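Chemist: I would like the atomic coordinates for the input below:
(chains A and B)
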Amino acid sequence: MSDMSDMSISAEAGRIAVRLTYRLYIGGAFARSESGRTFEVRGADGGFIASAALASGKDARAAVVAARASFPGWSGATAYHRGQVLYRVAEVLEGRRAQFADAVRRATGVSFGAASAEVDAATGRWIWYTGWADKITQVRGGANPVAGPFVNVSLPEPAGVVAVLAPQDSAMLGLVSVIAPAIVSGNTAVVVASERAPLLAVALADVLAAAEVPPGVVNVLTGEVAEVAPWLAAHQDVNAIDLAGAPGALADDLAVTAAGNLKRVVRLHVTDWTAEPGPERMFATLETKTVWHPLAT
Amino acid sequence: MRFEYAQDSEARSLVALRDSYGLFIGGSFAGGSSVFKTISPATEEVLAEVTHGTTEDVDRAVAAARQAYERVWSTMPGEERGRYLFRIARLLKERAAELAILETLDSGKPISQTRDVDLPLAAAHFFYHAGWADKLGYAGFGATPRPLGVVGQVIGWSSPLLMLAWKIAPALACGNTVVLKPAETTPLTALAFADICQQADLPPGVVNVVTGDGTTGQLVAGHPGLDKVAFTGSAEVGKEIARACALSGKRLTLELGGTAANIVCADANIEAAVEGIITGVFASQGHVCGAGSRLLVQEPVLDDLIAALKSRMTTLRLGDPLDGGTDIGAVNSRAQLDKIAELAASGEAEGATRWSAPCALPDRGFWFPPTVFTDVADAHRIGAEELAGPVLTVAAFATPEQAVERANSTRYGLSAGIWTQQGPLLGWLASRLRAGVVWANTFNRFDPAAPFGGYRESGFGREGGRHGLEAYLDGPADDASGTGTADV
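Modeler: A predicted model of the protein is given here:
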């Protein structure tokens, strides 16, 4: 799926471009929805761009299973290793700069220059989070001076499988700004793409595959948030949910549903995705583990 | 020559019980319209009448806390807040003997636990947090972190005063005011604490204590005038509160149950492990949320360990909680006893093998002998549900991978134990166990500087240590969100 030439603005006159079929990305494989359904994706100008898979609840459950399967490996990898893998994503993304800029332009209607700037900001944001991989433990953890002969440390750990509803209003920068903070600490993610710009999420999945991010670490569902998200909010094997892409009333419903197994609920409202995000979104999907061990001769 | 056991009971006369207690609202005690009786679970003797907090009472308490928050506590320099907390820490220490006896009377916990563990820790929690009050800008949650406002705290009966301390101390240090609802069965030390607040000249309304049953607890946890709820109790009630807070945008800390796994590897020091298992599940009749109720033993040492454990269990002394030699006191209430007995009966019915230490149970009061279940399968209720009683289930494992899988196969994730002398194996197990607290070659240790709290359905947030402050501060996360509920 690495050929995204359909998105290129440099299509030669008269040439009939080869169009891409956009699929879901589950467990490292690009697959159609089990339901067989698709939906039309139109650009900012109203023109047809492509069909995307319309994910079902069953697809959501398959994505959770894939995310859970990849959790021990990804969370158990060293922070150094996760940083290396995630930096490779930025490298691949940089190589596809023009392709992504064109996709942002078509999806949002901004100028190619503005679209390029958003892609560059997204690459920068990905690298910013990548650099956190081996800092989180020191910033969030520490030694505790307990009143007894014990070594006592508190360490941050990933919460587990995180459902991520990508923001609707920031096609590319918003997307990476919610995926990266979830996975950098070792969580694995099921991402529900923006309804308005779902193709960018599928294109990003292609980048993740090319960068050899282990299968299942990020899974991408396209479709209707209101249809798919309730399945994820209710799922007993999802540990946290980021509601960035859910409109207010739906977000409230999802937060109530998520209380069914006490998911960590992330509701951080962002008005300007270009501002430096701070670590809160990353910290919101962490647990703290405290380990005691006696000191003795 | 045979020595008779000589009883060594603490003097009950150290405690001056009143006949009835009012609610502590706005700095003074006031009676209410209805009362209930709190009894000693060891004798079923009525200790005192306690007021049942009503809607109006909770409204008044929240209003008093709001007024104290706005007019006094949130604007007071941190150094001065700290002074009050240091005073409270000292008063708790000075009255420790009395409070330990009171706690033991009301809760059934053995005096060795209340006197030697709960009271020193409760005082230490106030002393630790007193020092934070004027240093919050260095805690890592922004240069000028703000308090949240008025906090409703609903606590359990397993360690009443200690739980009060680890809820109230950080809340006050961070500049919040509190409405506390102690457990229905153990209200007396919270009321004694209200007396200490008066002795410390704590400004009226900073701490309010509203006693009552679960209905009063619901009134506190659901009150619209609160900015935050902190709850210790059952997972079911915790989820209800979480649903309500999801809509109201209130911040939330939950400290719910657990079914801790305690893993004994083949190379472990068996003697130390047996002592750890005993303190892990039989201390305080298993009435601790971190109780190590699921014992997982590596196959080669299973038989030896069970034999050593049973032998040690026969020496446990069950009886008068005020006796310094008592290991196992009374079960907190009849309802809890019924729950333990029902779950134990289900264990036998489902095919697990039961063994109880031979000990005589007193005629009056609520008692359950220390009990072990072997041949327990994952599907058995007794292996999956929170026991909160002096009951241990035992299962064997072959490889460390199996131990981890079994330990993690629960909805909860509060605590876990590891017994091995192999450093690398210990490190591997500690990193793989999905639990908020891991005790390695020790068990049931608590400290004000060490964060406590669970993964998954054991709750949200941490209590204690630098991490615990976050739950009572309005961090930079919420500056961006306005109604952020990312209280994790």
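Chemist: How about whatever residue of the stretch 51-200 of chain A ends up closest to chain B: what's its closest non-neighbour residue?
Modeler: Taking CB to the nearest CB as the measure, the stretch 51-200 of chain A has A:V146 as its residue closest to chain B, at 3.8 Å. Where C-beta positions appear, they are placed from N, C-alpha and C, glycine not excepted. With CB to CB, 6 or more residues apart in numbering or on different chains as the criterion, A:V146 has its nearest non-adjacent residue at 3.8 Å, and that residue is B:D447.
Chemist: In three-state terms, label the one you found for me.
Modeler: In three-state terms, and counting by DSSP: H, G, I helix; E, B strand; the rest coil, B:D447 is coil.
Chemist: Correct me if wrong: it contacts A:T290.
Modeler: No: if you go by CB atoms under 8 Å, B:D447 and A:T290 don't touch, sitting 9.5 Å apart.
Chemist: more crowded one of those two?
Modeler: For B:D447 versus A:T290, the count of surrounding residues by other CB atoms under 10 Å in any protein chain shown is larger for A:T290: 27 against 22.
Chemist: hang on, isn't the more buried one packed against B:A440?
Modeler: No: here A:T290 lies out of contact with B:A440, judged by CB under 8 Å, at a distance of 11.1 Å.
Chemist: Run through the residues that contact the residue nearest to A:V146.
Modeler: A:N144, A:V146, A:A147, A:G148, A:N152, B:L121, B:A124, B:G464 (CB atoms under 8 Å, 6 or more residues apart in numbering or on different chains).
Chemist: Tell me the backbone dihedrals of it, please.
Modeler: The phi/psi pair for B:D447 (degrees, to the nearest 10) reads phi -160, psi 140.
Chemist: Could you check how many residues crowd around B:D363?
Modeler: Neighbour number of B:D363 under other CB under 10 Å is 7.
Chemist: And it, which helix or strand is it part of?
Modeler: Counting by DSSP states H and E, no helix or strand carries B:D363.
Chemist: so what pLDDT did it get?
Modeler: At B:D363, the pLDDT value in this model is 95.
Chemist: How much space separates it from B:L316?
Modeler: Distance, B:D363 to B:L316, by CB to CB, to the nearest Å: 19 Å.
Chemist: what's the answer for A:A246, then?
Modeler: 53 Å.
Chemist: ok, which stretches of the stretch 251-400 of chain B are helices?
Modeler: B:270-277, B:302-313, B:334-349, B:381-384, B:400-408 (DSSP state H, counting those that start in this stretch).
Chemist: and the last one, what does it pack onto?
Modeler: Meaning helix B:400-408. Under the contact definition 3 or more CB pairs under 8 Å, 6 or more residues apart in numbering or on different chains; DSSP states H and E, helix B:400-408 sits against strand B:261-264, strand B:294-298, strand B:391-397, helix B:423-432.
Chemist: mind giving me CSV with these and columns for distance to chain A?
Modeler: Formatted as CSV, the helices and strands packed on helix B:400-408 follow (distance: least, CB to the nearest CB, whole Å):
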stretch, distance to chain A
strand B:261-264, 13
strand B:294-298, 18
strand B:391-397, 18
helix B:423-432, 5
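Chemist: As JSON lines, these with mean pLDDT, mean neighbour count and distance to B:R87 would be great.
Modeler: Formatted as JSON lines, the helices and strands packed on helix B:400-408 follow (pLDDT from 0 to 100; neighbours: other CB atoms under 10 Å in any protein chain shown; distance: least, CB to CB, whole Å):
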{"stretch": "strand B:261-264", "mean pLDDT": "96", "mean neighbour count": "26", "distance to B:R87": "39"}
{"stretch": "strand B:294-298", "mean pLDDT": "96", "mean neighbour count": "26", "distance to B:R87": "42"}
{"stretch": "strand B:391-397", "mean pLDDT": "94", "mean neighbour count": "24", "distance to B:R87": "41"}
{"stretch": "helix B:423-432", "mean pLDDT": "97", "mean neighbour count": "16", "distance to B:R87": "39"}
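Chemist: Which one, of the ones you listed, ends up nearest to A:T274?
Modeler: Set against A:T274 and scored by CB to CB, these come closest in helix B:423-432, at 37.1 Å.
Chemist: Identify each buried residue in stretch A:248-261, please.
Modeler: A:L250, A:A251, A:D252, A:D253, A:L254, A:A255, A:V256, A:T257, A:A258, A:A259, A:N261 (16 or more other CB atoms under 10 Å in any protein chain shown).
Chemist: now those in TSV, with pLDDT, secondary structure and distance to B:A48?
Modeler: Output for those, formatted as TSV (pLDDT from 0 to 100; DSSP: H, G, I helix; E, B strand; the rest coil; distance: CB to CB, whole Å):
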residue	pLDDT	secondary structure	distance to B:A48
A:L250	97	helix	50
A:A251	97	helix	47
A:D252	96	helix	44
A:D253	97	helix	46
A:L254	98	helix	46
A:A255	97	helix	41
A:V256	97	helix	40
A:T257	97	helix	43
A:A258	97	helix	42
A:A259	96	helix	37
A:N261	95	helix	40
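Chemist: From the residues you listed, list the ones also adjacent to chain B.
Modeler: A:D252, A:A255, A:V256, A:A258, A:A259, A:N261 (CB under 8 Å from any CB of the partner chain).
Chemist: out of the residues you listed, who's nearest A:R140?
Modeler: A:A258 (22.7 Å).
Chemist: Pick out the most distant pair among the ones next to chain B among the buried residues of stretch A:248-261.
Modeler: Farthest pair in these, by CB to CB: A:D252 and A:N261, 17.7 Å.
Chemist: quick one on the thing from earlier: okay if I get the buried residues of stretch A:248-261 as TSV plus distance to A:R106?
Modeler: Output for the buried residues of stretch A:248-261, formatted as TSV (distance: CB to CB, whole Å):
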residue	distance to A:R106
A:L250	27
A:A251	28
A:D252	33
A:D253	32
A:L254	30
A:A255	34
A:V256	37
A:T257	34
A:A258	34
A:A259	39
A:N261	39
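Chemist: out of the residues you listed, who's nearest B:P170?
Modeler: Scanning these for proximity to B:P170, where the rule is CB to CB, the winner is A:A259, at 23.6 Å.
Chemist: ok so, going back, return the member of the helices of the stretch 251-400 of chain B having the minimum mean pLDDT.
Modeler: helix B:381-384 (a mean of 84).
Chemist: tell me which residues of that helix are tucked away?
Modeler: For helix B:381-384, by 16+ other CB under 10 Å, it's B:I382, B:G383, B:A384.
Chemist: Then stretch B:210-224?
Modeler: By 16+ other CB under 10 Å, the buried positions in stretch B:210-224 come out as B:V210, B:T211, B:G212, B:T216, B:G217, B:Q218, B:L219, B:V220, B:A221, B:G222, B:H223.
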